[in-house]
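A.B. asks: just need the structure, nothing else, for what follows:
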Amino acid sequence: LFRSEVWQAKKDSGSRERLAKITASLGYVGRLQDWFDTPPQIDKYIHVSMTKQQTDRIKSIALEHPDPIVLVGKRHQIEQGLLVPEPWMEKGKVNAILDLFEEYGKVVVFARYLKQIEIIEKHINELGIKTFVMTGETTDRKEVIASAESAKSCVFIVQCSIATGFEIPSFDCVVFASCDYSWVSYTQAKGRVLRANKLGKKLYVHLHSGEVDMAVIKCLEGHKDFSERLYAQERSKISIKI
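C.D. replies: Model prediction:
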């Protein structure tokens, strides 16, 4: 028989005191609420009605994509105004963004799809409003971020999947035109404006046009990644019951 030693943490007061001193020597230790008085944040939900083109496309897309998992992704894109004829003619969620810009003067918009970002940028540029865009294809990110942060008035459009490693505390209004499926990306996006060097009340606006939009938002707010497969499975159960 082989014997092995099992180490156990000491629980006496002397050991705990030594551990506390060693931990304190590494730096300042505490919880976020111990150091900052973070004001309550506001989440707002705005429903943006779909056009007839979008609703008709949702009906026809099911015939083209019988796979229920693929269909979820396609439907989510249609809810953003994509996969329909001449999507640039349908402003949809852009109007809601413009309303918020009129109120706040500086708005950061997060979107999942590159084509959606292009549509938003095109419409806003046509109105003469200063815009900055950052996607996975942007090479000069530091310059773009610095320009957006220093601008007195602008719309900063960012792809959800790259919402890490920067801060833009001058923006008080965050708009999710469409959400990434990742809870980490969603949390990181919300944290870009709420920084220790400029704590304040921030407004987080979620634009939704259809059931997939809303399902993604609810999933992320429940601290979970959105899964097209799981959503398709749950949706099929509801259909069977009906």
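
A.B. asks: find the nearest non-adjacent residue to the residue positioned nearest the centre of the chain, please.
C.D. replies: Centroid-nearest residue in the chain, with CA atoms, centre = their mean: Y186, separated by 3.7 Å. Counting by CB to CB, 6 or more residues apart in numbering, L220 is the residue found nearest to Y186 once chain neighbours are left out, at 4.4 Å. Backbone N, C-alpha and C define where each C-beta goes, glycine included.

A.B. asks: quick one: residues in contact with the helix or strand the one you found falls within.
C.D. replies: Following DSSP states H and E, one finds L220 within helix 211-221. For helix 211-221, contacts defined as CB atoms under 8 Å, 6 or more residues apart in numbering pick out 45, 72, 75-76, 79, 176, 178-179, 181, 183, 186, 206-208, 225-227, 231.

A.B. asks: which helix or strand in this protein has the lowest average pLDDT?
C.D. replies: When the helices and strands of the chain are scored by mean pLDDT, DSSP states H and E, helix 32-35 comes last with a mean of 50.

A.B. asks: tell me where this structure has helices.
C.D. replies: Secondary structure of the chain (DSSP state H): helices located at 13-25, 32-35, 52-64, 68-79, 93-104, 114-126, 141-150, 183-191, 211-221, 228-241.

A.B. asks: the third one to helix 211-221, inter-axis angle?
C.D. replies: With axes from the mean of the first three to the mean of the last three CA atoms, to 10 degrees defining the directions, helix 52-64 sits at 90 degrees from helix 211-221.

A.B. asks: how about the fifth one?
C.D. replies: Using the same axes, to 10 degrees, one finds that helix 93-104 and helix 211-221 are set 50 degrees apart in direction.

A.B. asks: my read: Q159 touches R112, true?
C.D. replies: Yes. Between Q159 and R112 a contact is recorded at 7.4 Å, counting by CB atoms under 8 Å.

A.B. asks: to K202, which of the helices of the chain lies closest?
C.D. replies: Comparing the helices of the chain by their distance to K202 (CB to CB), the top pick is helix 183-191, with 8.1 Å.

A.B. asks: could I get the average pLDDT for stretch 147-157?
C.D. replies: Per-residue pLDDT values over stretch 147-157 give a mean of 97.

A.B. asks: same question, stretch 98-117
C.D. replies: The model assigns stretch 98-117 a mean pLDDT of 96.

A.B. asks: now do it: distance to the chain's middle.
C.D. replies: Taking CA atoms, centre = their mean, to the nearest Å, one finds the center of stretch 98-117 at 12 Å from the center of the full chain.

A.B. asks: list the contacts for the closest residue to V133 other than its chain neighbours?
C.D. replies: Distances taken as CB to CB, 6+ apart put I157 closest to V133, at 4.8 Å, once the chain neighbours are dropped. For I157, the contacting residues are V108, V109, A111, I117, I120, E121, T131, F132, V133, M134, by CB under 8 Å, 6+ apart.

A.B. asks: counting neighbours, what do you get for V108?
C.D. replies: By the criterion of other CB atoms under 10 Å, V108 has 26 neighbours.

A.B. asks: just to check, Y45 is in contact with H206?
C.D. replies: Yes. Counting by CB under 8 Å, H206 is a contact partner of Y45 at 5.0 Å.

A.B. asks: more neighbours: which of those two?
C.D. replies: The neighbour comparison of Y45 against H206 (other CB under 10 Å) goes to H206, with 21 against 12.

A.B. asks: what bridges to the more buried one?
C.D. replies: As for beta bridges, H206 partners with Y45, F176 under DSSP bridges.

A.B. asks: residues contacting it?
C.D. replies: D43, K44, Y45, I46, F176, C179, I217 are the contacts of H206 under CB under 8 Å, 6+ apart.

A.B. asks: how close does it get to K152?
C.D. replies: 26 Å (CB to CB, to the nearest Å).
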